[in-house]
Each structure stands twice: as structure tokens, then as C-alpha cells.
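*Asks:* next comes the sequence, and after it the predicted model I'd like to discuss.
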Amino acid sequence: MRHRKDMHDIQELVRLHRLKLSTRGAARALGISRNTLQRYRKLLSEAGLLERIDEHRLMVPRGDRSGSVIEPWLTDQWYVRIEPLARPAIEAVEQGRIRFVPENWDRTYFEWMRNIKDWCISRQLWWGHRIPAWYDPEGRVFVGRDEAAVREAHGIDAGTPLRQDEDVLDTWFSSALWPFSTLGWPDKTPELARYYPTSVLVTGFDIIFFWVARMIMMGLKFTGEVPFREVYIHGLIRDHEGQKMSKSKGNVIDPLDIVDGIDLPALLAKRTTGLMQPHLAPAIEKATRKQFPKGIAAYGMDALRLTFASMATQSRDLRFDLGRVEGYRNFCNKLWNAARYVMMAVGESSPTGPAVLSTADRWARSRLDHATREVRAGLDGYRLDLAAQAAYEFTWYEFCDWYLELSKAVLQADTASEAEKTGTRQTLLAVLESLLRLLHPIMPFITEEIWQRVAPLAGTAGPSIMLQPFPDAHDDPKDADAAADMRWAMDFTLGVRQIRGEMDIAPSVGFEVLLQDASPVDLQRWQASAAYVRKLANVTGARALGHDEAAPPAAVALMGQLKILVPMAGLIDVEAELARLGKKRDKAAQDKARSEAKLSRADFVDHAPEAIVAQERERLAVASRELEQLEHQLEKVALLR
């Protein structure tokens with residue numbers, strides 16, 4: 001029987017071929033698979049009936065997983081006439097009822113929507129919403145909510161068989177219904193009334209066409225209202241080399257592996273298991289071993305969230321660097337240690353009683369207000385990177401690096417009154433508690449943990465920081481004056497520290513400074529901030545030089561018109577310092593000469609990669625600056641002989 005069928009099919013193939021139908025076309029007309037066709041060709045050849053085979057080279061597409069040849073097959077498809085849906089969706093953005101952020105993405109939206117084609121919604125998949133269409137034995141089509149509704153609407157009796165279309169709706173068709181179908185639509189539920197339309201959609205630019213536009217069209221069609229007011233478009237996160245992350249490339253990083261950590265064997269297994277192209281596994285393993293020789297350390301969720309927030313620029317592509325996550329984990333540690341210091345400084349009970357705020361206290365509150373305004377502006381403008389930067393810089397560079405140290409000048413001073421110490425303790429708690437609320441949207445876990453301990457001391461009640469109001473800025477002219485006074489004290493301290501670094505004077509060595517060309521305001525500010533400068537710069541005192549008084553040999557730091565002089569006599573071993581600076585000068589001179597020699601060669605400048613040439617020019621500039629500074633320091637030290 002099998003042989004008879006084969007011969008019948010072969011005869012039909014020959015007949016159809018004579019009708020100028022290609023062999024493949026004839027096979028398709030008979031419903032024969034390409035594999036069966038190959039078997040028939042073998043039978044014809046063995047029977048001596050095959051005249052010739054003409055080779056024809058072509059690109060043969062194959063499925064990634066099965067390896068089977070993919071051949072086109074024309075079938076009937078369902079379409080949506082899109083123009084009546086697109087027109088209201090275009091007007092919604094033109095009229096400002098929907099706003100894209102950044103605004104340039106509306107041009108991408110308009111370009112696609114104004115040139116849109118009818119939408120094919122048929123998909124040949126095993127899963128999804130079935131096309132709501134039924135066919136009777138004569139091939140007539142009936143559309144309805146379900147089979148029962150179709151039979152009732154068209155008077156089809158139960159004895160007439162109906163067959164539902166086997167295709168399913170396009171995934172994006174189903175997804176387009178999401179904003180309102182999840183809220184109980186088509187019923188008028190309380191959830192639909194309260195949450196539709198929503199305020200903002202956060203998504204990537206690569207699905208503006210697929211999802212965003214379709215949600216807008218469907219929302220307007222079925223509810224008469226836009227589904228959201230604003231669309232925040234973020235960039236596409238790529239790997240450290242700028243490549244798009246994909247399973248086939250083996251460069252995908254699971255966020256949970258960054259949070260919890262993963263050892264190398266487990267990471268290799270995750271990256272090389274279930275590949276659609278298994279032959280890539282050795283290359284993926286080699287690249288993974290090179291990039292993560294010890295696997296991935298555990299960085300925690302807060303560090304990862306802060307990393308993503310800081311990366312959320314308006315760029316189209318964002319390069320992910322694990323080194324940044326490590327830096328933000330250090331920031332989490334910094335915040336934790338700062339909180340420990342505050343709680344140790346305050347003690348076990350909330351500071352009460354009369355309080356006097358010092359200049360540093362008022363400065364800290366003023367800088368917190370400034371940071372709060374910056375963070376709010378960043379969040380309101382969907383610039384999470386600027387919000388994260390403002391919170392980071394205040395926390396690290398002002399609260400931790402400066403105010404915590406400034407507070408010690410009050411809390412550890414025998415001359416400070418109890419009211420002044422109470423004011424400082426209250427400020428430590430108030431600033432820290434507000435800072436935790438400022439950071440909470442980006443770093444929810446560590447801020448919650450610290451807040452639970454700090455809030456009772458700060459006099460704040462509540463079960464969670466999540467339920468607390470977001471900080472507001474409070475402008476106070478007195479705090480603005482304090483900010484100017486503290487800026488002077490900080491610049492003074494930095495000037496002295498710069499001299500220590502340049503002249504290699506140990507931080508433990510105290511000395512008196514001289515003030516040259518000091519104005520009355522400078523002298524007033526010195527008196528007000530002397531306690532802070534003594535604590536932070538280890539300065540034993542300061543004396544203003546008379547108008548005609550000659551300055552001794554000294555290192556100088558400039559603060560506008562004011563010159564801070566540190567007399568060198570007795571502070572350093574002159575000969576040893578000259579020898580040390582001489583060695584550094586000789587090395588800088590060698591580096592400069594080496595770079596000049598490279599850049600003087602035409603073959604290097606003309607043929608080396610542009611980045612390499614630019615790097616060498618930067619090295620020359622650095623060496624030149626360093627050599628100039630060292631020559632100047634040598635001259636100053638030589639005067640002490």
C-alpha cells in the first residue's frame with residue numbers, strides 16, 4: 001500500500017511539473033512535506049526516471065531551537081483597520097493629554113503613527129487569546145464573544161458543527177488591553193474608576209511602537225480616555241562593552257545575582273544552560289571566567305537600585321559597569337557608619353532641654369534644604385540621575401565628610417555649653433532622619449532599617465518610613481548666613497590641608513598660621529570658626545600680619561585676597577625634603593620627556609589610534625603640571641636653608 005501511494009504521488013508530481021509548477025510547488029499542492037519529497041527523488045533516481053538535478057544556491061532559514069527549515073506558507077490572517085484607531089491616539093499626544101519624557105520621543109511616536117499600516121493580529125502559537133471567530137461546514141465566518149453567543153446571534157442550531165479559528169491574538173493586542181482589563185473592565189468597578197487613567201508609564205524606547213502606541217489606541221477606543229498622562233522613556237541597559245545583553249551572547253547579568261552574589265560554577269551553569277545555540281557555550285564560558293574569575297560578590301538591593309538611578313540619564317544606551325555597584329555599596333556602608341556615630345553621639349534618649357544651634361548646625365540644615373530642593377527637582381523632572389547625585393553628594397561630601405566632623409568640635413569641647421551640645425545632637429538626629437526619607441525611594445531597605453532606630457530618638461512616630469511624608473525645603477536667611485560662614489571655614493581648612501600635603505607635614509603636627517591681607521570680615525570669621533578649624537586642620541592658632549610686617553619663608557594657600565601662611569621653619573627637615581622633592585621632579589621630567597618624544601614622531605601621531613594619541617597628550621599635560629608644581633615647591637623649601 002505504501003509503495004502504491006508513493007507511485008501515485010510521483011505520477012502526480014510529474015503531471016503537475018508538466019504544468020510548469022515547480023517541484024516544491026507541486027509537492028505543496030499535494031500536501032507533501034519536503035522530507036517526503038527528498039525520499040521520492042531518491043525513488044525516481046533509483047528507477048532511472050530522473051533526467052537531471054539543477055543545483056540552486058539560496059539562503060535557507062532555520063529555527064534556532066529545532067534546526068528545521070522555515071518555509072513561507074501563505075494563509076488567511078485577521079487584520080485590524082488601524083487608521084480610525086491611530087487618528088485619536090495621535091491627537092491625544094498633539095493636544096498634550098499624553099506627554100513623552102524626554103520630549104524628543106514624541107517625534108518617534110508620530111513618525112510611526114502617521115505612517116502606520118493595518119495591523120495583522122493573527123499568530124500561529126500554542127498560547128494566547130484565541131481569535132473569537134467560528135466557521136461552519138460551508139466556510140462561513142461568525143464573530144462573537146463565545147460560541148453560544150454566535151449561535152444565538154445567527155440562529156445556528158446545536159446540530160451544526162462550528163470550528164473556532166486556531167490562531168491566537170497578537171501578544172501586543174492582548175497587552176494593549178492591560179491598563180483597563182486588569183481593573184475589571186468591561187465592568188465599571190471601583191478600581192477602574194480610581195486607577196484609570198494612571199499617572200505615568202515607565203518603559204523602554206524599543207517598545208514605543210509595540211506597546212505604548214497600542215495601549216493608547218485601545219484605551220481611547222474602549223474607555224474614551226487616555227490610559228496614562230505621561231510616558232517616561234528610559235535607555236536600554238547594555239553590558240560594560242556597550243553590547244546588548246542577550247542569552248545567546250552570554251552577557252546577561254541577573255540582578256538577583258548582584259544582590260545576593262553567585263559563585264563562578266553557578267554563574268557558568270546559568271549562562272551556558274539552555275542556549276539556543278549550544279556551540280557558543282565554550283566562548284561564553286571563556287568570557288565569563290575572564291570577567292568574573294571569582295563570580296559576583298553580594299552587593300545588596302540598595303546598592304543596585306542606587307546604581308540604576310544614577311545611570312538613568314536621558315541617553316538612549318546605558319553601559320552597565322559592576323564597578324559602580326561596588327562604589328554604591330561603599331556608599332551604603334558610609335551611611336550605616338554615619339548613623340552609628342549619630343546614635344552613639346546622641347545616646348539612648350532623645351535630646352531635650354534648651355538648645356542653641358551653632359554655625360555648623362545651621363549650615364547642615366541649610367545644605368539639607370538645598371539637597372532636598374535638588375532631589376525634588378530631579379524626581380519631578382524624571383531625572384533620577386540628578387536626584388541620586390544630589391542625595392549622594394550631600395550625604396557623602398557634606399553630611400559625612402564635614403558635618404559629622406564639625407559636630408565633634410562641639411560635642412568634645414569642654415568650653416561648649418550644654419545647650420550648644422543639645423542643639424548639635426538635635427541637628428544630627430533631624431538631618432539624619434530627613435536624609436533617610438530623602439534617600440528612601442531609591443534605597444528603601446537600609447533606610448527603613450536605620451529609620452526604625454533613629455525615628456524614636458528624633459521624636460518621629462510611625463510604623464514605617466514608607467508612610468512618612470517626603471522632605472520639604474525650608475528657606476531660612478540665618479541658615480544662608482551660616483552657609484557662607486562655614487564655606488569660609490571649610491576653604492580655610494582645605495587650604496591648610498593642601499599645604500600639609502604639598503610639604504609632607506603629618507596631620508598630627510600642629511602649627512600656628514599667619515593671615516596676610518586679611519579683611520575685617522576674614523578676621524571676624526576666623527573668630528567665629530576657630531574651634532572648627534583647630535579641630536579639623538590641627539591649627540594651634542592664627543595671627544594677622546601687620547600691614548608693613550614682612551612674612552617669613554612660608555607655604556601659601558590663597559582664599560581670594562586672603563593669604564594663609566604656614567611658616568616652614570622647624571616644621572620640616574629641609575635637606576630631606578629637598579631630596580624627596582628632587583626625586584619626584586626628576587621622575588616628572590622623565591615622564592614629560594618620554595611623552596614629548598612620542599608626540600614628536602609623525603608616524604605615531606598620524607598612524608596611532610586617535611584615543612591613544614589623546615591619552616599621550618593628556619599624560620604630557622599632567623607631567624608638565626606636576627613638574628611646574630615641584631619646581632615651585634623646591635624653590636620655597638630652598639629658601640629655608
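*Replies:* Here it is on my side, so go on.
*Asks:* drop to CA atoms for contacts and neighbour counts, all remaining ones
*Replies:* Noted.
*Asks:* what bridges to Ala555?
*Replies:* Val566 (DSSP bridges).
*Asks:* would you check how far apart it and Ile53 are?
*Replies:* Applying CA to CA, to the nearest Å, the value for Ala555 to Ile53 is 94 Å.
*Asks:* cool, and Met301?
*Replies:* From Met301 to Ile53 the distance is 64 Å (CA to CA).
*Asks:* look at the two and report which has more neighbours.
*Replies:* Between Met301 and Ile53, Met301 has the larger neighbour count (other CA atoms under 10 Å), namely 21 against 8.
*Asks:* excluding sequence neighbours, find me the nearest residue to that one.
*Replies:* Counting by CA to CA, 6 or more residues apart in numbering, Met301 lies nearest to Val259, which is 5.1 Å off, once chain neighbours are set aside.
*Asks:* so Leu438 sits right up against Phe470, yeah?
*Replies:* Yes - in this structure, Leu438 is within contact of Phe470 by CA atoms under 8 Å, at 6.6 Å.
*Asks:* between these two, which has more neighbouring residues?
*Replies:* Taking neighbours as other CA under 10 Å, Leu438 and Phe470 compare with Leu438 leading, 24 against 17.
*Asks:* check which helix or strand covers that one.
*Replies:* In the assignment (DSSP states H and E), Leu438 maps to helix 418-439.
*Asks:* that helix packs against which elements?
*Replies:* Judged by 3 or more CA pairs under 8 Å, 6 or more residues apart in numbering; DSSP states H and E, helix 418-439 is in contact with helix 322-346, helix 359-380, helix 404-411, helix 444-458.
*Asks:* which stretches of the stretch 451-600 of the chain aren't confidently modelled?
*Replies:* Scanning the stretch 451-600 of the chain with the threshold set as pLDDT under 70 gives 475-478.
*Asks:* could you pull out the strands in it for me?
*Replies:* 511-516, 539-544, 554-559, 562-567 (DSSP state E, counting those that start in this stretch).
*Asks:* include distance to Leu523 and mean neighbour count when you put these into TSV, please.
*Replies:* Formatted as TSV, these follow (distance: least, CA to CA, whole Å; neighbours: other CA atoms under 10 Å):
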stretch	distance to Leu523	mean neighbour count
strand 511-516	9	19
strand 539-544	8	17
strand 554-559	13	18
strand 562-567	10	21
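*Asks:* can you add distance to Ile82 and give these back as a markdown table?
*Replies:* Output for these, formatted as a markdown table (distance: least, CA to CA, whole Å):
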| stretch | distance to Ile82 |
| --- | --- |
| strand 511-516 | 78 |
| strand 539-544 | 77 |
| strand 554-559 | 68 |
| strand 562-567 | 73 |
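*Asks:* out of those strands, which is closest to Ile237?
*Replies:* Of all the strands of the stretch 451-600 of the chain, strand 554-559 sits nearest to Ile237, with 44.1 Å by CA to CA.
*Asks:* which residues are in contact with the closest one?
*Replies:* Contact with strand 554-559 is made by 491-492, 495-496, 498-499, 563-569, 636, as judged by CA atoms under 8 Å, 6 or more residues apart in numbering.
*Asks:* one more: stretch 582-598?
*Replies:* Against stretch 582-598 from outside (CA under 8 Å, 6+ apart): 604, 616-617, 619-620, 623-624, 626-627, 630-631, 634.
*Asks:* with stretch 602-622 instead?
*Replies:* Defining contact as CA under 8 Å, 6+ apart, one finds that stretch 602-622 is touched by 591-592, 595-596, 598-599.
*Asks:* how distant is it from the center of its chain?
*Replies:* 32 Å (CA atoms, centre = their mean, to the nearest Å).
*Asks:* quick one: buried residues of it?
*Replies:* Buried positions in stretch 602-622, judged by neighbour count with 16 or more other CA atoms under 10 Å: 605, 613, 616-617, 619-620.
*Asks:* likewise for stretch 176-188?
*Replies:* 176-180, 183, 185.
*Asks:* ditto for stretch 268-281
*Replies:* Neighbour-count burial for stretch 268-281 [16+ other CA under 10 Å]: 268, 270-272, 275, 281.
*Asks:* now secondary structure too, for these, in a markdown table please.
*Replies:* Converted to a markdown table, the buried residues of stretch 268-281 look like this (DSSP: H, G, I helix; E, B strand; the rest coil):
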| residue | secondary structure |
| --- | --- |
| Leu268 | helix |
| Lys270 | helix |
| Arg271 | helix |
| Thr272 | helix |
| Leu275 | coil |
| Ala281 | helix |
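*Asks:* gap between the two ends of stretch 57-67?
*Replies:* 19 Å.
*Asks:* what lies in contact with it?
*Replies:* Taking CA under 8 Å, 6+ apart as the rule, stretch 57-67 contacts 68-71, 276-277.
*Asks:* change it to 10 Å
*Replies:* 68-71, 274-278 (CA atoms under 10 Å, 6 or more residues apart in numbering).
*Asks:* do the same with stretch 106-120
*Replies:* If you take CA under 10 Å, 6+ apart as the criterion, stretch 106-120 is touched by 77-83, 85-87, 89-91, 93-94, 98-100, 105, 169-170, 173, 205, 208-209, 212-213, 231.
*Asks:* so what's the gap between it and the chain middle?
*Replies:* 29 Å.
*Asks:* export it to CSV, keeping only CA atoms.
*Replies:* Coordinates of each C-alpha in stretch 106-120 appear next as CSV, following Å, rounded to 0.1, in the frame of the first residue of the first chain:
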residue,chain,number,x,y,z
ASP,A,106,7.1,62.1,20.6
ARG,A,107,8.7,62.5,17.2
THR,A,108,9.4,58.8,17.1
TYR,A,109,5.8,58.1,18.1
PHE,A,110,4.4,60.5,15.4
GLU,A,111,6.6,59.1,12.7
TRP,A,112,5.3,55.6,13.2
MET,A,113,1.7,56.5,13.9
ARG,A,114,1.3,58.8,10.9
ASN,A,115,2.7,56.1,8.6
ILE,A,116,1.0,53.1,10.3
LYS,A,117,-0.3,50.1,8.3
ASP,A,118,-3.2,47.8,9.1
TRP,A,119,-2.3,45.5,12.0
CYS,A,120,-2.2,41.8,11.5
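*Asks:* report the buried residues of it.
*Replies:* In stretch 106-120, the ones that count as buried by 16+ other CA under 10 Å are 106, 109-110, 113.
*Asks:* again with stretch 319-334
*Replies:* In stretch 319-334, counting by 16+ other CA under 10 Å, buried: 319-320, 322, 324-326, 328-329, 331-332, 334.
*Asks:* for stretch 93-109, same thing?
*Replies:* Using 16+ other CA under 10 Å as the test for burial, stretch 93-109 gives 93, 98-102, 105-106, 109.
*Asks:* from the chain's centroid, how far away is it?
*Replies:* Centre-to-centre, stretch 93-109 and its host chain are 22 Å apart (CA atoms, centre = their mean).
*Asks:* what mean pLDDT does that stretch have?
*Replies:* Stretch 93-109 carries an average pLDDT of 95.
*Asks:* for it, measure first residue to last.
*Replies:* 9 Å.
*Asks:* got it, and stretch 389-405?
*Replies:* Length of stretch 389-405, first residue to last, CA to CA: 22 Å.
*Asks:* run the chain-centre distance for it.
*Replies:* With CA atoms, centre = their mean as the basis, the mean position of stretch 389-405 lies at 21 Å from the chain mean.
*Asks:* stretch 159-174 now?
*Replies:* Stretch 159-174 sits 42 Å away from the centroid of its parent chain (CA atoms, centre = their mean).
*Asks:* looking at that stretch now, give me its mean pLDDT.
*Replies:* pLDDT averaged over stretch 159-174 gives 93.
*Asks:* ok, now stretch 117-133?
*Replies:* On average, the pLDDT along stretch 117-133 is 92.
*Asks:* what residues of that stretch count as buried?
*Replies:* By neighbour count on 16+ other CA under 10 Å, the buried set for stretch 117-133 is 121-123, 130-133.
*Asks:* switch the residues you listed over to a markdown table; also include secondary structure and distance to Gly224.
*Replies:* Output for the buried residues of stretch 117-133, formatted as a markdown table (DSSP: H, G, I helix; E, B strand; the rest coil; distance: CA to CA, whole Å):
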| residue | secondary structure | distance to Gly224 |
| --- | --- | --- |
| Ile121 | coil | 22 |
| Ser122 | strand | 26 |
| Arg123 | strand | 28 |
| Arg130 | strand | 26 |
| Ile131 | coil | 24 |
| Pro132 | coil | 23 |
| Ala133 | strand | 26 |
